[in-house]
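Student: Have a look at this prediction, sequence included:
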Amino acid sequence: MDSWEIDDAYPRPALEPETPLVVNRSHLCAESGGFSVTVETDTFKWGDYVQLYWDGELVDKGYVGAVTYSLEFLVPVSVLERHPGRDHPGRMIEVFYVLEKYGATSLESMRRSPALVLDAKFTRPGGEDTDAQTPYINENLKPVEGTSGLAKGKDLVLTIPAWKNMEKGAQLTIYWGETNIEVDASAITVGQPVKVTVPWSVIDGAPQGLVSVTYAIRDRVGNTSGNAPAVEVTVVFAPLLPLPSLAYAINAKGNVDVDLAKKMASVTDSPDSTPLIVEYIDVESGDQIVVSLAGTTSTKLRIVPLQYVQVAAPALPLNDDPKAAVDPNQPPSARYVFNVPIAWLGYLAGGSIFFSYVVKRRGLDFNSATRTRSVVGSALTIPAPIVERAPEDGDVLDLNSFADDLSVSVEVSSIWPRRDLTASLKVRSPNSNQGFEQNASLLSTDDNGKLVWVLARERFVNFADGELSLLVVFSDSDGASVRSRERKLSFRPFVVAPEWPSLVISDLKADEQLALDDMTGDSLPVWVPLNGRFQPGDQVTLDWQGTAFGPYTVDKAEGSLAFGIPRSRVVASAGAVVTANYVVKRVGNVIGPQPSRPFRLRVAPVTIGILPSLLSAAASAGTLDVEKAKDGIVLTVPGNADVRQTDTIAFEVRAAGDTWRRVSPMEGHPKSGNVTTEDLIPSLGGSFAARYVVTRDGQSKTSDDLVLTLVAYDKNDPRLPRPRIKQLQQAATGEGNPYIDAKTLATSSLTVVVPPWPFMRAGQTVSVSILGIDSSKQFTTSIELATKRPVLESDLANGLSLNLPNSWVLGQPRVSSTDLKIVVVIERPLASESFKFMRLPVAVVNVVGLDKVEAGTGTGTEGQSDITISPPPRVIDIEGFGIDKPTGRMPLCYLNLYGDEAGSGAFGLLKTYAGLGEQYAAVTPAGKFNRYTYKRGRSGTLLLFDVKFAASRRYHVFVMLGPQVAGTITPTFKLHVEGYARPLDFQPYADGIVAVFQAPALIQKSVRVGLEVVPPLSGSLIDSTATLRMALGRYP
């Protein structure tokens, strides 16, 4: 095993396009000369040294020239034979090269390329043929079996006996005459005969007569077995003329033998042809006899068919004297001879021939049977290319002696090539690892029947002295091909007179484009190759788009001078075409280049690769954990992002529907960004997006978006801090809610302490209100004690304390104790409308001693000393109207009826479980308590109270739903005025719903107003074990 480190940046060795990755017997023949491998060198530098290894053996080596884009290596047959691969898949041949950088001082800098992996196998399917006389027929293969079962209109099942070297992946082809039948590889089981069905459509579509049936095998790497000995099948289902005969070319095995045909013809007057004989009965004078011959080569390439015509006539006299007169009264001859060129047969050696004839008589055609034969014997190959002014044996083809280009031609015989073939001239120089090929169409032959290629002398500049090899490959669109013979010449390449060299840029692509992505250093090396034009002491200055670099002094006229163009100068020309040139001075005078040799290249802007979305430790499954994000989060660029050390990274965030905003990177960590709570608050309850922008050499690219859901805290979320009252006391027994004495509150303020909450920021506001809960027997409402108290920077560490007014205490009903809720609402201006307000968990406090508070002793109670409150009457449970076995607390619904002017309206409590006749007080804005009564409504509970309307004024009906009702249902309400019910169109408002109506005209007195709930609120809100029965009744 080699010890070189693999460099994945090196291109692996390559084959010609569409060439399979296999090594087989065809590469061992003299015509191929071995196996050709190409190494692309456009990314290497001038002077780099390439060494090619075949299966671990050093094969060849070559240098990269100033204008070399590839090196071609030919692996000799001797090397191939030393590494035969395996008869079965398992061990592969690895081909790689080792690159020694020009100027390297240590062998440790050498790296090897990734390997080209090839499957190699040189054994033949069926084994080696022992009969050298039939090289294209493998006598080791047994003939096809089952032909005796042929019947008209039926498919024919054939059996192919198992063969030597049988393996998986082999391809089996049946030849029924000139029709090919490919067998699916899955039908082949190693060691077992193969069943093949010949469809009747194939049999019926083929010419009738004697059909040659054979088969051939191609193994996994392309080695072919040759044809099995053919079996002749008589396929005649209609009357046909007798078969034609090539009697003097048929050997003992029934094959057309080219060598036998030559031998038999050599003693005749036509030594270059063999007779094809046609005999049939009932010949009539004037019969037109048309003979057709077609065939395929050993490589299955079809060649141009032959066709001959004779007209039936009386035969010559028996003495064959051409001067003797033909007796027109004699009957026409029954035997006709057609001369077939033996050269034409030679091209078919190893393939097949098909021949038949047609007799045309008075507009009718009479067909003969078709005869199919395998062709054996010495194959005729296409002549080698003809090189203009080629030297005699032992001389050298010196291109320097030519005044113009080199002309190469090949004779195109009129008897075999098809005009739709492509001819490819292949030129190789084994000594210099160089080669090229040039295609031509057979339609472009000249008047002499030659196909001509004109090769510029400059194409041979990189060729070394030694051998030059030329051959022509003819191929069709199906991939079948045939090679000419190879022409080999001693060769001396065209030497170009020394010229001022062109600049060389190692990172330049073949399209004269410089990609900034390929520049890994701080400068771009530009090379001036030194040749015979230079002398020691010359001063060389490089001009890059108007900026001079150098001068550098030449020490010796070999190697090259390297100039470094700063990256910043190259980046400044991104997207533009740059002109570079150099000037040489000798003893202070400019001596060249003359003319100047400007070099133009385009600088391609950088392309930034994939930029996946950001990562965050606070995110999981597309959701951002508010607990982990409450103090901000850190975003990190993924490790697989195309970000380089010199790149600039900017982080951006936004809430849904908002614009992108930049956030700061972490200090000392340019691949991480800080996202503060201010950045996250607008996304509460919605989505949060983040991305980063990478800038490189003036070009920017934005990453994929990271989109996360930032779930807001629910109302009363237990993770939120709970406010507390500073003056609270604990019951002696330790049970129940903490309490506070109302008498204490009458003389001092109430202090509410609000601990720091998530996403707390300066500029937010805090509102505090007190709310009675469901079990309270008092008349309850929400009383705001502090409104929008701003949060200061000094509050962020420990929270804030609010001293609240106590006037609300003296306005409460006189009861011994009641539970109240302390509600704290946070307003966050940065949050979206739906999540701008956040309510902390409610703090419950038990207020005692309300019945002990003296009237008129507290602030905010002036003008209310005459208030008297009686305990509410008990609920009367009437049949058909009430609650059966209530087991849970019922929700409350508050009614507020107020007008456009101060002093008008009323305030009341609507109880969904009120009984008939129960009375409660209504509070007017003037502080007076009026009575209102629950009555039976048409379809629900009806609340009635007296109120004085001002005529033609607009009034508002506000229904505040209790905390257990809001957001659960929206019932329908009807307003009753003096017995007339009108539906109201309520809209959501604050914690309730509101509607507007116009007071009836001419009403200047107190009237009865009722509010009906349809259906009763309790219907879907009470405990599931309780039911509400409502009776229909008339409005009283």
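Tutor: Done, it's in.
Student: Quick check: Ala151 is in a strand.
Tutor: No: according to DSSP: H, G, I helix; E, B strand; the rest coil, Ala151 belongs to no strand; its state is coil.
Student: separation between it and Pro199?
Tutor: Spatial separation of Ala151 from Pro199 under the definition CB to CB, to the nearest Å is 13 Å. Yep, even glycine has a C-beta here, placed from its N, CA and C like the rest.
Student: Which one of those two is surrounded by more residues?
Tutor: Between Ala151 and Pro199, Pro199 has the larger neighbour count (other CB atoms under 10 Å), namely 13 against 10.
Student: The residue lying closest to the more buried one once chain neighbours are set aside: how many residues sit nearby?
Tutor: Spatial nearest neighbour of Pro199, chain neighbours left out: Asp155 (5.4 Å); criterion: CB to CB, 6 or more residues apart in numbering. Each residue near Asp155 was counted by other CB under 10 Å, and the total is 13.
Student: swap in Tyr102?
Tutor: Taking other CB under 10 Å as the neighbour definition, Tyr102 ends up with a count of 17.
Student: for it, what are its contacts?
Tutor: For Tyr102, the contact set (CB atoms under 8 Å, 6 or more residues apart in numbering) comprises Lys45, Trp46, Gly47, Asp48, Tyr49, Val64.
Student: If we use 7 Å, what do you get?
Tutor: For Tyr102, the contacting residues are Lys45, Trp46, Gly47, Asp48, taking CB atoms under 7 Å, 6 or more residues apart in numbering as the criterion.
Student: List the contacts of the closest residue to the first one other than its chain neighbours.
Tutor: Meaning Lys45. Once its chain neighbours are removed from consideration, Lys45 has its nearest residue in Ser506; the separation is 4.3 Å (CB to CB, 6+ apart). Residues in contact with Ser506, defined by CB under 7 Å, 6+ apart, are Lys45, Pro525, Trp527.
Student: Report the secondary structure state of the first one.
Tutor: Meaning Lys45. For Lys45, the secondary structure call by three-state DSSP comes out as coil.
Student: measure it to Glu100 for me?
Tutor: Applying CB to CB, the value for Lys45 to Glu100 is 11 Å.
Student: Have a look at these two and say which one is more surrounded.
Tutor: Neighbour tally, Lys45 and Glu100, criterion other CB under 10 Å: the higher count belongs to Lys45, 20 against 17.
Student: For that one, give its distance to Glu499.
Tutor: Between Lys45 and Glu499 the distance is 21 Å, computed by CB to CB.
Student: What is the nearest of the contacts of Tyr102 to Ser769?
Tutor: Top of the list for closeness to Ser769, among the contacts of Tyr102 and by CB to CB, is Lys45 at 80.5 Å.
Student: Give me the distance between the closest one and Lys101.
Tutor: Using CB to CB, Lys45 is found at 7 Å from Lys101.
Student: do Val584 as well
Tutor: As judged by CB to CB, Val584 and Lys101 stand 27 Å apart.
Student: Which one's more surrounded, the two?
Tutor: Just comparing Val584 and Lys101: by other CB under 10 Å the higher neighbour count belongs to Val584, 21 against 14.
Student: Quick check: bridge partners of that one?
Tutor: When bridges are taken as DSSP bridges, the partners of Val584 come out as Val540, Gly592.
Student: got it, and Leu635?
Tutor: Checking Leu635 by DSSP bridges, which sets the bridge assignment, gives partners Gly673.
Student: Same question for Glu40.
Tutor: Beta-bridge partners of Glu40, counted by DSSP bridges, are Ser70.
Student: right, and Arg25 touches Lys121 too?
Tutor: No: checked against CB atoms under 7 Å, the pair Arg25 and Lys121 is beyond contact range at 8.5 Å.
Student: Now list whatever residues contact both of those two.
Tutor: Common neighbours of Arg25 and Lys121 are listed as Asn223 (criterion: CB under 7 Å, 6+ apart).
Student: Neighbour count for the two, which is higher?
Tutor: Neighbour count, other CB under 10 Å: between Arg25 and Lys121, Lys121 has more, with 22 against 17.
Student: How much space separates that one from Ala187?
Tutor: When distance is defined by CB to CB, Lys121 is 22 Å away from Ala187.
Student: try Arg361
Tutor: Separation of Arg361 from Ala187 (CB to CB): 47 Å.
Student: what about these two, which has more around it?
Tutor: Neighbours were tallied for Arg361 and for Ala187 using other CB under 10 Å; the higher tally belongs to Arg361 (15 against 12).
Student: For the more buried one, give the beta-bridge partners.
Tutor: Here Arg361 sits in beta bridges with Leu364, as judged by DSSP bridges.
Student: ok, it touching Glu284?
Tutor: Yes: under the contact definition of CB under 7 Å, Arg361 touches Glu284, with a separation of 6.2 Å.
Student: thinking again about what came up before, out of the contacts of Tyr102, which is nearest to Gly622?
Tutor: Lys45 (49.5 Å).
Student: how far away is that closest one from Ser560?
Tutor: Distance of Lys45 to Ser560, given as CB to CB: 9 Å.
Student: What's the end-to-end length of stretch 92-110?
Tutor: End-to-end distance for stretch 92-110: 25 Å, by CA to CA, to the nearest Å.
Student: Provide a list of residues in contact with Ile188.
Tutor: Ile188 makes contacts with Ala170, Leu172, Val194, as judged by CB under 7 Å, 6+ apart.
Student: Tell me how many other residues crowd the first one.
Tutor: Counted by other CB under 10 Å, the residues lying close to Ala170 total 20.
Student: Also the last one?
Tutor: Counted with other CB under 10 Å, residues neighbouring Val194 total 20.
Student: picking up where we left off before, and which of the contacts of Ile188 is nearest Phe549?
Tutor: Sorting those by distance to Phe549 puts Ala170 at the head of the list, at 63.7 Å, by CB to CB.
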